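In: Got a predicted structure plus its sequence, pasted below:
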Amino acid sequence: MNTFKALQKRHEKLLEQQEQVSIADVQAYIDDVIAAGHKIANHMERQQLRANLRYWANLIHTAKGVYPDIELAPGPTLQIRNWVHNSNVRISILILIIAVIVSANNLEFFSTSSTPTPPLPSTCPSVNAEGTVPPSVAITSITFIVNGDEQIVANQYMPLQASPGDEVKIKEITVCVEPFDGESGSGYVEFDPLDQNGQVMALEVKGTRSVRIASGFTIIPGPDYAWTIGDNWRHLSVVTVHYPPGGGTQNPNCEGGFCEVDDRMIVPIE
């Protein structure tokens with residue numbers, strides 16, 4: 001049995017025994033998956049393992065209030081030596097290099113402080129938290145401003161390029177709600193900086209203002225605040241807090257069941 005199949009079988013076994021499984025068993029699985037990353041090159045297999053890691057990390061976060069490190073080890077380096085020696089490939093590479101040089105001489109290059117906004121998806125992304133009352137409020141993208149320059153994070157574990165001492169602001173967050181009959185309620189977005197131990201730095205937690213949530217895409221302005229990245233900053237946990245009409249959630253820790261966390265995006269700081 002190859003490495004991926006063995007890890008996937010362990011994942012399925014943990015799911016079957018989830019009511020009895022210990023946090024130590026879950027952490028052991030997470031550690032093994034992370035370490036095995038350097039053996040797995042297949043993109044789809046790596047995506048599945050990342051999804052597994054997020055699932056079990058959420059379980060640990062719910063149980064202990066700490067979000068573990070789940071960054072999958074880099075895959076094996078591609079071996080390109082043999083095909084580079086192929087004469088047809090060499091010719092193709094030479095033509096490509098010439099085309100790039102010609103293009104560079106004919107294009108006017110200029111600098112810009114903004115990052116092109118990615119196109120909105122046709123459907124809402126799947127959520128990654130414990131919300132149970134529909135509709136779910138999913139995070140589509142976050143626009144950061146780092147030292148005056150925009151950076152857009154548009155998926156789970158896409159890193160924010162920032163170093164200790166940098167000033168970081170949130171320009172806006174785009175959230176998405178699938179078409180839904182009835183009122184969607186309201187919500188806001190909370191930002192929880194995490195240190196090297198996965199602990200929330202409570203004094204740095206910030207949130208947006210609450211807004212009405214409608215079906216489709218909603219842009220929420222970021223909090224009026226600028227962080228200064230510290231030496232111990234490792235991740236930023238971003239969550240959508242949803243207030244369904246009438247409450248009735250299964251999260252008593254969220255204002256006595258009037259709200260719930262619908263989605264969570266973990267942004268590494270690199």
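Out: Good, I have the coordinates.
In: And the helices in this protein, which stretches?
Out: Here the chain has its helices, by DSSP state H, at 3-16, 23-36, 43-64, 81-84, 87-106.
In: what mean pLDDT does the third one have?
Out: Think helix 43-64. Averaged across helix 43-64, the pLDDT comes to 79.
In: Let me know the angle separating that helix from helix 3-16.
Out: Put simply, helix 43-64 runs at 30 degrees to helix 3-16, going by axes from the mean of the first three to the mean of the last three C-alpha atoms, to 10 degrees.
In: Which parts of helix 43-64 count as buried, going by neighbours?
Out: 45-46, 48-50, 52-54, 56-61 (16 or more other C-beta atoms under 10 Å). Yep, even glycine has a C-beta here, placed from its N, CA and C like the rest.
In: that older thread, possible to save the helices of the chain as JSON lines with distance to residue 155?
Out: Putting the helices of the chain into JSON lines (distance: least, C-beta to C-beta, whole Å) gives the following:
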{"stretch": "helix 3-16", "distance to residue 155": "21"}
{"stretch": "helix 23-36", "distance to residue 155": "19"}
{"stretch": "helix 43-64", "distance to residue 155": "10"}
{"stretch": "helix 81-84", "distance to residue 155": "31"}
{"stretch": "helix 87-106", "distance to residue 155": "28"}
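In: Low-confidence stretches in the stretch 101-250 of the chain?
Out: By pLDDT under 70, the low-scoring segments of the stretch 101-250 of the chain are 101-122.
In: Tell me the pLDDT of residue 1.
Out: 66.
In: list the contacts for residue 56?
Out: By C-beta atoms under 8 Å, 6 or more residues apart in numbering, residue 56 lies in contact with 14, 26, 29-30.
In: Drop anything exposed from those residues.
Out: Buried residues within those, counting neighbours by 16+ other C-beta under 10 Å: 14, 26, 29-30.
In: Okay, buried residues for stretch 256-265 please.
Out: 259-265.
In: Now flag whichever of the residues you listed is closest to residue 141.
Out: Distance to residue 141 across the buried residues of stretch 256-265 (C-beta to C-beta) is lowest for residue 265, with 9.4 Å.
In: could you pull out the strands for the stretch 51-200 of the chain?
Out: Listed in chain order, the strands of the stretch 51-200 of the chain (DSSP state E, counting those that start in this stretch) span residues 138-146, 149-153, 167-177, 186-195.
In: In contact with the closest residue in space to residue 158 that isn't next to it in sequence: list those residues for me.
Out: Among residues not flanking residue 158 along the chain, residue 267 sits closest, at 7.0 Å (C-beta to C-beta, 6 or more residues apart in numbering). The neighbourhood of residue 267, defined by C-beta under 8 Å, 6+ apart, consists of 142, 153, 157-160, 235-238.
In: can you rerun that using 6 Å?
Out: Counting by C-beta atoms under 6 Å, 6 or more residues apart in numbering, residue 267 touches 153, 160, 236.
In: Angles on the backbone of the residue lying closest to residue 258 once chain neighbours are set aside, please.
Out: In space, and not counting its chain neighbours, residue 258 is closest to residue 247: 4.0 Å by C-beta to C-beta, 6+ apart. Phi and psi for residue 247, reported as degrees, to the nearest 10, are phi 70, psi -130.
In: roughly how far apart are residue 247 and residue 181?
Out: 19 Å (C-beta to C-beta, to the nearest Å).
In: Those two: which has the busier surroundings?
Out: Shown here are residue 247 and residue 181; by other C-beta atoms under 10 Å, residue 247 has more neighbours (15 against 7).
In: Am I right that the more buried one is in contact with residue 256?
Out: No. Residue 247 lies out of contact with residue 256 (C-beta atoms under 6 Å); the separation is 8.0 Å.
In: Please parse the protein into its domains.
Out: The chain is divided into the following domains under automatic domain parsing: 3-64, 138-268.
In: and those, which is most packed in?
Out: domain 138-268 (a mean of 17; mean count of other C-beta atoms under 10 Å).
In: how distant is that domain from the center of its chain?
Out: Relative to its parent chain, domain 138-268 has a centroid offset of 11 Å by C-alpha atoms, centre = their mean, to the nearest Å.
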